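1. Take this sequence and fold it.
(one chain, ligands or ions: 1)
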Amino acid sequence: MNRAPTRIKLCVIDEIAPGEVLKVETNGLTLAVFNVDGRFHVTDDACTHGPGSLSEGFLEGEVIECNFHQGCFNVRTGEVVKPPCVVPVRTYRSVVENGAVYIEV
Ligand code: FES
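-> Numbers count the residues shown, from 1 in each chain. As a prediction, this is how the structure comes out:
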């Protein structure tokens with residue numbers, strides 16, 4: 001049976017300037033929230049390659065570079081852009097409403 005998605009509030013949009021990323025821990029999830037030119041994308045914070053934290057990485061356009069071994073992911077699709085990462089990072093459907101960022105899980 002289908003269930004309605006649960007909406008989780010992550011932050012208000014003013015907390016993340018364009019080109020910046022914020023780490024958010026909520027509902028047992030540790031997430032990275034990216035502001036790419038006013039569009040908000042959400043991934044798991046943990047790098048799929050090792051102990052890197054994507055919220056501490058370097059964001060350029062839609063690409064986050066992990067601070068640990070400099071592997072890269074596209075934050076919109078989760079796809080690996082540059083090794084040594086191999087496994088895509090999980091992305092979440094994000095919604096902006098009334099100045100706040102939510103995900104639906
Ligand atoms: S831990 Fe992220 S690239 Fe290795």
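
2. Can you tell me who residue 53 pairs with across the strands?
-> Beta-bridge partners of residue 53, counted by DSSP bridges, are residue 46.

3. What separation is there between it and residue 7?
-> 25 Å (CB to CB, to the nearest Å). Bear in mind the C-beta positions are built from the backbone N, C-alpha and C, glycine included.

4. Between these two, tell me which one has more neighbours.
-> Using other CB atoms under 10 Å, the more surrounded residue of residue 53 and residue 7 is residue 53, with 16 against 12.

5. what does the model give that one for pLDDT?
-> At residue 53, the model reports a pLDDT of 98.

6. can you pull the contacts of it?
-> Neighbour list for residue 53: 23, 32, 45, 46, 47, 67 [criterion: CB atoms under 8 Å, 6 or more residues apart in numbering].

7. Of those residues, grab the buried ones for ChimeraX.
-> Here is the ChimeraX command that selects only those of these that count as buried (16 or more other CB atoms under 10 Å):
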select :32,45,46,47
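
8. Not counting stretch 60-80 itself, show me its contacts.
-> Stretch 60-80 is contacted from outside by 21, 32, 34, 36, 41, 43, 47, 49-54, 56-59, 81-91, using CB under 8 Å, 6+ apart.

9. For the ligand, tell me which of those show up nearby.
-> 47, 49, 50, 51, 52, 84, 85 (CB under 6 Å from any ligand atom).

10. Need the contacts of residue 53 in a markdown table (columns: pLDDT).
-> As requested, those are arranged in a markdown table below (pLDDT from 0 to 100):
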| residue | pLDDT |
| --- | --- |
| 23 | 98 |
| 32 | 98 |
| 45 | 98 |
| 46 | 98 |
| 47 | 98 |
| 67 | 96 |
